[in-house]
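Asker: Let me see the structure of the following:
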Amino acid sequence: MDAFRPARPDDLDGLLALQRAYYAEAGYPFEPARARAALAGLLADPTLGAVWLAEREGSPMAYAVLTLGYSLEYGGRDAFLDELYVAPAQRRRGLARAALVALERGAAARGVRELHLEVERELEGARALYRRAGFVDHDRAPMSKPVQPLARTTLFRSAQR
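Answerer: Alright, predicted model coming up:
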């Protein structure tokens, strides 16, 4: 069946295989232990978001990830379409559109007021898909910075001053 369903913790290995393929195709670094921990954490804690999976005859062929946040600008709960991947052999069959429908319904059910995503500028096909789904470009550029965990001793030194 080609419909997306909510992923479960026992889907972890299939989801990781899709994620590995996605990252290899996109040129993103894939760290297996880190990916497993992050995805397992998301599957175990619905307050963080949700994952949807599409399978055919028990074989994973696409997945989509929604992560939850909160925004004063948007008046409450917002969410991020964090990842959407369709295996190459399954593309151009409507799975990406079906994933967007599942994500939007899941977002609405969670009280999300605004759904965000990032897409590489050169991926015109993906950008066109998102525009058709109602996403709009903004005159803003995303920026990122890794946050280093605070060392235990750093916390104690700060408290003693």
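
Asker: Which secondary structure elements does the host helix or strand of Ala108 sit against?
Answerer: Using DSSP states H and E, Ala108 maps to helix 95-109. When contacts are defined as 3 or more C-beta pairs under 8 Å, 6 or more residues apart in numbering; DSSP states H and E, helix 95-109 packs onto strand 4-6, strand 49-56, strand 59-71, strand 76-86, strand 114-117, helix 124-132. Where C-beta positions appear, they are placed from N, C-alpha and C, glycine not excepted.

Asker: dump the residue contacts of Glu104.
Answerer: Leu115, Ala133 (C-beta atoms under 8 Å, 6 or more residues apart in numbering).

Asker: Tell me how far it lies from Arg36.
Answerer: Separation of Glu104 from Arg36 (C-beta to C-beta, to the nearest Å) stands at 28 Å.

Asker: now Ala79, nearest residue through space, not along the chain?
Answerer: Closest residue to Ala79 apart from its sequence neighbours, by C-beta to C-beta, 6 or more residues apart in numbering: Val112 at 4.5 Å.

Asker: could you measure that neighbour against Gly49, distance?
Answerer: Val112 is 10 Å from Gly49, by C-beta to C-beta.

Asker: okay, and the common contacts of those two?
Answerer: With C-beta under 8 Å, 6+ apart, Val112 and Gly49 have common neighbours Leu68, Ala79.

Asker: Pull the contacting residues for the residue nearest the centre of the chain.
Answerer: Among the residues of the chain, Asp82 comes closest to the average C-alpha position under C-alpha atoms, centre = their mean, at 2.4 Å. Residues in contact with Asp82, defined by C-beta under 8 Å, 6+ apart, are Gly49, Val65, Leu66, Thr67.
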